[in-house]
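Below are the sequence and a predicted model for it; my questions follow.
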Amino acid sequence: MLEHLNPVRKAPSRVVIIGGGGFVGGAIGDQLAADKVPILALTRKELDLLKPAASATLQRLLQAHDSVVFVSALAPTRNNAMLIDNLRMAEAVCAALAAQPVANLVYISSDAVYSDDANPVTERSCQQPSSLHGAMHLTREIMLRTTLKLPLAVLRPTLIYGAKDPHNGYGPNRFRRLAAKGETITLFGDGEEKRDHVLVDDVAALASAVLHHRSKGVLNIATGRSASFREVAEIVVALSPRSVEIHGTPRQNPITHRHFDITDCLKAFPEFHYLPLRDGLARVAKESA
């Protein structure tokens, strides 16, 4: 669970976002700007973490009073080369922050670090990733935790959706793009698997809250309500102005579900409320129109 070093919200002096040009990093930057927090958004143009001088460059940009959000990653991690590159990126960040400590660090990880059979998932569930993507994030978490002597908050969001998502993964993001073109939504099996889906705006809002409270520890970011992929597809179709069909396919893999117990989130931020899936998808449809 998170520990708030600031019991009452207090705006950070400045937040440096490593990966500020990406889907999640951009949303966090927008939220902080709305909260009137000074930010320095570092994109690959300003900071290429795979360049030999990356650590020195980042060190020069940092100030002792800064809060840092580390969200930059090659994702999803599909092969060994991407895994190694992601760890090299984390190594550069570790070296820079060791040489120039800051007020606190927020790392955007993933629920892929948990075992596939962890149900319901909590912050204390077994961390046993079955994918390179999950192994990458867990290794980065360990690197940051063991290398740095500063307050560290690790946020583990579940499946994120939003208008600017670049990955087009199976689920809300792909379904709404197919619906926008009037194309058939094809499900794996009959879309029976249930998953939790979180709007990127909610990820950004919780990241901002963590920064304001200068929190440390681990927090899952999930709504606590799972929906089947067929339910998601049906909501997307209902929101679409075009006629869209939903087709199932012969099932190739066993049906698996993932549910979350969000008690820790409710205790850490009792005033926060996730946007329900239907309302979130309606917002995304409006933003994409």
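Good, I have the coordinates.

What count of nearby residues applies to His4?
Other residues lying near His4 total 18 when counted by other Cβ atoms under 10 Å. In short, each C-beta sits where N, CA and C put it, glycine included.

sorry, that was for Thr249
For Thr249, using other Cβ under 10 Å, the count is 11.

One more: Ala207?
Neighbour tally, Ala207, other Cβ under 10 Å: 27.

looking at it, it is touching Arg156, isn't it?
No: shown here, Ala207 and Arg156 do not form a contact pair, counting by Cβ atoms under 8 Å, at 11.9 Å.

Just the CA trace of stretch 64-80, in CSV.
What follows is stretch 64-80, C-alpha atoms only, in CSV (Å, rounded to 0.1, in the frame of the first residue of the first chain):
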residue,chain,number,x,y,z
ALA,A,64,17.1,18.3,-6.3
HIS,A,65,13.5,19.6,-5.7
ASP,A,66,12.1,17.8,-8.8
SER,A,67,9.6,15.0,-8.8
VAL,A,68,10.2,12.5,-11.6
VAL,A,69,7.8,10.3,-13.5
PHE,A,70,9.5,7.5,-15.4
VAL,A,71,7.1,6.2,-18.1
SER,A,72,9.4,5.8,-21.1
ALA,A,73,9.5,2.3,-22.5
LEU,A,74,9.6,0.3,-25.7
ALA,A,75,6.2,-1.4,-25.3
PRO,A,76,4.9,-3.9,-25.5
THR,A,77,8.1,-5.8,-25.1
ARG,A,78,7.9,-8.5,-27.8
ASN,A,79,11.5,-10.0,-28.0
ASN,A,80,14.8,-10.3,-26.2
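
Kindly export stretch 237-250 (C-alpha atoms) in CSV.
What follows is stretch 237-250, C-alpha atoms only, in CSV (Å, rounded to 0.1, in the frame of the first residue of the first chain):
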residue,chain,number,x,y,z
VAL,A,237,-21.1,-0.7,-31.2
ALA,A,238,-23.9,1.0,-29.2
LEU,A,239,-21.8,4.2,-29.2
SER,A,240,-21.0,4.0,-32.9
PRO,A,241,-23.0,6.0,-35.5
ARG,A,242,-22.3,3.2,-38.0
SER,A,243,-23.7,-0.3,-38.3
VAL,A,244,-21.1,-2.7,-37.0
GLU,A,245,-21.2,-6.5,-36.6
ILE,A,246,-19.6,-8.5,-33.9
HIS,A,247,-18.3,-12.0,-34.9
GLY,A,248,-16.9,-14.8,-32.7
THR,A,249,-14.3,-17.2,-33.8
PRO,A,250,-13.4,-20.8,-32.9
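
From the chain's centroid, how far away is it?
When distances are taken as Cα atoms, centre = their mean, to the nearest Å, stretch 237-250 is centred 27 Å away from the chain's centroid.

Then stretch 217-229?
So, by Cα atoms, centre = their mean, the centroid of stretch 217-229 is 11 Å from its chain's centroid.

Just the buried residues of it, please?
Residues Gly217, Val218, Leu219, Asn220, Ile221, Ala222, Thr223, Gly224, Ser226, Ala227, Ser228, Phe229 are the ones in stretch 217-229 that count as buried (16 or more other Cβ atoms under 10 Å).

Wait, a strand at the second one?
When you say that, I think you mean Val218. Yes: counting by DSSP: H, G, I helix; E, B strand; the rest coil, Val218 falls inside a strand.

was I right about it contacting Tyr107?
No: in this structure, Val218 is not within contact of Tyr107 by Cβ under 8 Å, at 9.8 Å.

shared neighbours of these two, which are they?
By Cβ atoms under 8 Å, 6 or more residues apart in numbering, Val218 and Tyr107 have these common neighbours: Ala153, Val154, Leu155.
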